[in-house]
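Undergrad: predicted coordinates and the sequence they were generated for:
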Amino acid sequence: MDSVLRIIIQRLGLGALTLLVVSIVIFIAVNLLPGDFAQAILGQGATPEAIESIRRDLGLDQPYLSRYFNWLAGTLQGDLGTSFAQANFASFTGSQELTTVAAQIAPRFENTMFLAGVTAAIAVPVSLTLGILAALYRNSVFDRATNIFTLSSISSPEFFLAYILILFLAVLNPLLPSLSNIFEGMSLSERFIKTLLPALTLTLVVTAHMMRMTRAAIINLLASPYIEMARLKGLSPMRVIVVHALPNALAPIINVIALNLAYLITGVVVVEVVFVYPGIGQLFVDSVKIRDIPVVQACCLIFAGAYILLNLLADILSILSNPRLRHPK
Amino acid sequence: MNIPNAPLVEIKDLWIEGRADETWMPIINGASTSLNKGEVLGLIGESGAGKSTLGLAAMGFTRDGVRISKGEVTFDGIDLINASADTKRHLLGKRIAYVAQSAAASFNPAHRLIDQHVEGPVQHGVSTRVDSVKDGIELYRRLRLPNPDEIGFRYPHQVSGGQLQRAMTAMAMSCRPDLIIFDEPTTALDVTTQIEVLASIRDIVEQFDTAAIYITHDLAVVAQMADKIKVLLKGDEVEEADTRTMLSSPKEEYTKSLWAVRSFQRPAKPSVPAGSVPVIRVKNVTAAYGKIPVLHDISFDIHAGRTVAVVGESGSGKSTAARCITGLLPPIDGAVEFDGEPLPRDYRQRDKMQLRQAQMIYQMADTALNPRKSIGEIIGRPVEFYMGLKGAQRRERVRELLNEIELEPDQFIDRLPSELSGGQKQRVGIARALAAEPKFIICDEVTSALDQLVAEGILKLLARLQDTLGLSYMFITHDLATVRAISDEVVVMKDGKVVEQGEKAEMFRPPHHPYTDLLLSSVPEMDPDWLTNLLAERGVENIGDAAVGKM
């Protein structure tokens, strides 16, 4: 167990380093984009004086290095800063109340996590079950049908899947609401119903990957001597797969699940737009559009953090799924 | 369905095919046999003879890509070939059990031994989990496993190979089957471990009057275990007879040649003149992997034109000694001298001439040859690296080497390793070592992965090369028959120490060091009464690992 603890600490350290690198890359990338916040917000009415004054207000006239290190110093103290848009708005209205990036992101992030959670709760069990059944009835009609279905759903664009589901589940058979306008103070069940359509769309997107990995990882083991032994003990095919193959196939499956969960947190902007779901993805894209660097930075840190933590979790679970490491000699 | 006096298993004119390269190739061509309750049939033959396939077919089971094309297999009146998968499933594990070659690979690494043990009885409804656990512990006790009350609650990787093999025999016994198939159950074990497993398998098969099919390529082992023996060659039946008849008067030429393999022996060489400088001198070498010490102050000499066999069980430090000589593992203390000159400890500090002089041939020719390089390239690389030959000269030298190892150059020079048989691959390994024109070659278990006839060919080749080129060999092995065949001197190792060393003739003559004695006495002999006599003479507590533990 000591070794597991050491791995966790080591990986968290490396994760922090990754976050730092990510923040540098994002800062450079956003600044390399043509135009800046002042130009984006003023649009047609941009006069050199107006641009200059907004830049001065937001500190955009400072050199890159000092801007980055100011931001970094703030972030390390837990202050993600203020969004340019909010700061600009505040200075326009003269109000002193600034909405910080953290306060802006928090409810969105919560929504994103809720959507990811609902999707995972549906997609993970479904893909595992389908994968196990496909391995059990490999090369049968069931196996092929499952493969064709999941592959076609992963190959179609997400918005297309979303509109198909809206057509069948909201328009032709009005079972679910087609708009997922979540707001604070909603009851959990209502929230769940509203989230269901985007969650189903995302399930269709992530199932193929997980299901096929489950199937492949299990089939990969079927030639091993201990599986032959289990068969020669006269066990039922289902038992051979679930009790003897699956526990040894967990590591690759866990890793694929983690990657897909990370995708659910970071990559679902298209689905959010279709269902008008107030997640973090939309906020991120909007902020990039107006070069709102503090928000972009914060979102990127969250995305990178999600990948790092989920991968760490996957590694730890893979280690724990190996009896050699759980029970050393 | 119990007809009195009817055989338990009957195989009639069985043909089995395997799928390879889009066609069905024959594996077994018309085998027939029958087995009564309590009887043990030994199946022997080289690898690829179809022993395992036939053994599995007796369970009504074929591996993927293998099919029974015609013939009959009946078990206690049930037609196993036409039986439904369900019917067979209810027999497997319950009335017919299987013990695999590698217990380490055949136990599921994810579950405790006892959980795997009770699975059969519980799933087949033979007994409850609680009873079955109790019975399992009792079986572990009967098979003389250490800590029978506790050992089952460990995971497979926490238990040694010999113990796993016995635990697997216990698992096969869990439903008290009528028939057990033993598929090379002791091949992967050391001699001292093997003898214990053999004794316990024989004991338990007798106690429960179980019929068994015992598959092996080791004649001496089958002589101890079987009531009758069937010899297979490339899927064809050679002959079948009861054990004593088969051993005393084999009919077929092939069987006789199998019996004769162990007779290869080299004439004794004159002893080393006093004061001569050895080719390799290992002087008080101590070595460790990280902080774990593996070699403790070992010393031995290897003289020109002679073979020193280093014997001992797995883990005794034989291969580590070889790694110290080659400089792959720099020793902590002591020195390795070549022709009286000390060699740098680390191979990185040795020059090309020093590196050239010590070459290695490996146990697994499969993994020691780059699968993507042709034979010509594999042998040509050291020719170019050490001898500086290029182009046509290099090719010429490779052809010479191929001739030397008795492979036709035109036929083999452009082939890939995967297009060669095991014995041919090992010959290429030898040619690669010869390409450096060394004085000294380390042979690390070079014959243990090969069939006996092929192994004999390799030993003869090595002997001839030694005579013509004046090579010195360090021959690492755990097979004492090989030692007897090829060595001039013997070094016995145990736990990283040299326990005894001397000329071969002395080593095989008493008095021995107790460990050498134990090793020698553990090598199965062709006499079918050997194990019985040995057990009577020494008692079960004084053979194998139990005796090692007492030392």
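TA: Received, thanks.
Undergrad: domains for the chain, by residue range?
TA: Assuming you mean chain A. Structural domains assigned to chain A are A:1-99+A:290-329, A:110-281, following automatic domain parsing.
Undergrad: my question was about chain B
TA: B:9-263, B:280-509.
Undergrad: which one of the domains of chain A is the most hemmed in?
TA: Highest mean neighbour count of the domains of chain A: domain A:110-281, a mean of 19 (counted as mean count of other Cβ atoms under 10 Å in any protein chain shown). Yep, even glycine has a C-beta here, placed from its N, CA and C like the rest.
Undergrad: quick check: end-to-end length of it?
TA: This stretch, domain A:110-281, spans 12 Å end to end (Cα to Cα, to the nearest Å).
Undergrad: now it: mean pLDDT?
TA: The pLDDT scores in domain A:110-281 average 92.
Undergrad: how about the closest residue to chain B within the stretch 1-150 of chain A, phi and psi?
TA: For the stretch 1-150 of chain A, the residue closest to chain B is residue A:138, as judged by Cβ to the nearest Cβ, at 11.0 Å. Main-chain torsions, residue A:138, degrees, to the nearest 10: phi -60, psi 150.
Undergrad: quick revisit: so which of the domains of chain B gets nearest residue A:159?
TA: Ranking those by their distance to residue A:159 (criterion: Cβ to Cβ) puts domain B:9-263 first, at 42.3 Å.
Undergrad: rewinding a little: so which of the domains of chain B gets nearest chain A?
TA: domain B:9-263 (3.5 Å).
Undergrad: distance from the chain centre to that closest one, please.
TA: Centroid separation for domain B:9-263 versus its chain: 17 Å, with Cα atoms, centre = their mean, to the nearest Å.
Undergrad: that one vs chain A: in contact?
TA: Yes - counting by Cβ under 8 Å from any Cβ of the partner chain, chain A is contacted by domain B:9-263 at B:56, B:59, B:61, B:63-64, B:88-94, B:97-98, B:100, B:102, B:105-111, B:119-120, B:123-124, B:154-155, B:157-158.
Undergrad: let me have the domains of chain B in a markdown table, adding mean pLDDT, mean neighbour count and distance to residue A:109 as columns.
TA: As requested, these are exported to a markdown table (pLDDT from 0 to 100; neighbours: other Cβ atoms under 10 Å in any protein chain shown; distance: least, Cβ to Cβ, whole Å):
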| stretch | mean pLDDT | mean neighbour count | distance to residue A:109 |
| --- | --- | --- | --- |
| domain B:9-263 | 87 | 19 | 37 |
| domain B:280-509 | 88 | 19 | 46 |
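Undergrad: hang on, the residue of the stretch 1-150 of chain A closest to chain B packs against residue A:215?
TA: Yes - if you go by Cβ atoms under 8 Å, residue A:138 and residue A:215 touch, sitting 7.4 Å apart.
Undergrad: quick check: bridge partners of residue B:361?
TA: Following DSSP bridges, residue B:361 is listed with bridge partners residue B:443.
Undergrad: where's the closest residue to residue B:363 other than its chain neighbours relative to residue B:197, distance?
TA: Of all residues beyond its chain neighbours, the one nearest residue B:363 is residue B:445 (3.9 Å), with distances taken as Cβ to Cβ, 6 or more residues apart in numbering or on different chains. According to Cβ to Cβ, to the nearest Å, residue B:445 and residue B:197 sit 20 Å apart.
Undergrad: ditto for residue B:34
TA: As for residue B:34, its distance to residue B:197 is 27 Å (criterion: Cβ to Cβ).
Undergrad: can you check residue B:492 too?
TA: Residue B:492 sits at a distance of 22 Å from residue B:197 (criterion: Cβ to Cβ).
Undergrad: same question for residue A:263.
TA: Distance, residue A:263 to residue B:197, by Cβ to Cβ: 52 Å.
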